[in-house]
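Asker: here is my input, please return the structure:
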Amino acid sequence: KLAKRTLINNRRSKYTLPTNSKLYPAQWNWDSAFIALGYSNFNSDYSFEEIETLLSGQWKDGMIPHILFHIKDENYTPNYKAWDCGQKVSSSGITQPPILASVLRLIIERKKFLPKHTKRYYSHILKIKKCLEWFIKYRDPEKTGLISILHPWESGYDNSPLWDKPMSKIKIDPNLNYKRKDNKIIKASQRPLKIDYDRYVSIKNHLKKMNYDPKILYYKSKFNVVDIGFNSLFLKALKDLNFLLNYI
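Answerer: Residues are numbered from 1 along each chain as shown. The predicted structure is shown next:
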């Protein structure tokens, strides 16, 4: 009951906040996938809308951003103005673990949907396919079989000790100009350190200078890491996409 009530309270117009506060006032990519899975237990329409709204922000090249700013809220840093990108929806210029195929498969199997019931998801499955193809094309252009992430935020576990070594090599932009609000909303001890955030924003600014062009980011990003966790989720996504394509 508590989980159900939390989802309902955090729900906005066709999408759901990761937390019902000023801390994260937008739609987050893999959070929404898990949220859709939660909704599927008691409201299939909400589940479908969550996925549909997330996919509405997909870029033409196939990338699904890690944040969609449906409302022009400036509490989060960096907000929609700082990213200054997005096509149909203002968004961030990076992505997150592609778990949507895996979540959609779970929904279909748990609800025991027949193929005729999954026709509703057909266009969504094709968009998920395009997203996974984007990873192969732009995050593994040298065909190593491994996907790179270009910002710690893409991993989903942002300030993990895993990134200490590559992050220590990041040169902080001397002209940084941003104001954090996250460490004012909740205890600063529960948030990343200033030096971490300086590095996050420095990487983001560098990506922005290149207009988030996926053709060159892989080669020029200040942060390029092959993460085992991310690649494991990506491999599972490919397998689950294959299931979906053969099921519908």
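Asker: centroid-nearest residue for this structure?
Answerer: The residue lying closest to the centre of the chain (Cα atoms, centre = their mean) is His66, at 2.7 Å.
Asker: quick one: contacts for that residue?
Answerer: Trp28, Asn29, Trp30, Ser92, Ile94, Thr95, Gln96, Trp153, Glu154 (Cβ atoms under 8 Å, 6 or more residues apart in numbering). Using the backbone N, CA and C atoms, a C-beta is placed for each residue, glycine as well.
Asker: try it again with 10 Å
Answerer: 26-31, 91-97, 151, 153-154, 156 (Cβ atoms under 10 Å, 6 or more residues apart in numbering).
Asker: helices of this structure, start to end?
Answerer: When secondary structure is read from DSSP state H, the chain shows helices at 2-10, 29-39, 44-55, 80-83, 100-110, 122-138, 164-168, 182-185, 194-209, 214-220, 228-247.
Asker: which of those helices sits closest to Leu176?
Answerer: Closest to Leu176 of these, according to Cβ to Cβ: helix 194-209, at 6.0 Å.
Asker: what comes up buried for the closest one?
Answerer: Within helix 194-209, the residues that count as buried by 16 or more other Cβ atoms under 10 Å are Asp196, Tyr197, Asp198, Arg199, Tyr200, Val201, Ser202, Ile203, Lys204, Asn205, His206, Leu207.
Asker: mind saving the C-alpha coords of it as CSV?
Answerer: The C-alpha coordinates for helix 194-209 follow below in CSV (Å, rounded to 0.1, in the frame of the first residue of the first chain):
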residue,chain,number,x,y,z
LYS,A,194,31.9,20.2,-4.3
ILE,A,195,34.9,18.8,-6.1
ASP,A,196,32.8,16.0,-7.5
TYR,A,197,30.1,18.4,-8.7
ASP,A,198,32.7,20.7,-10.2
ARG,A,199,34.0,17.7,-12.2
TYR,A,200,30.5,16.6,-13.2
VAL,A,201,29.7,20.1,-14.5
SER,A,202,33.1,20.4,-16.2
ILE,A,203,32.4,17.2,-18.2
LYS,A,204,28.9,18.3,-19.0
ASN,A,205,30.1,21.7,-20.3
HIS,A,206,32.7,20.0,-22.5
LEU,A,207,30.0,17.8,-24.0
LYS,A,208,27.8,20.8,-24.5
LYS,A,209,30.7,22.6,-26.4
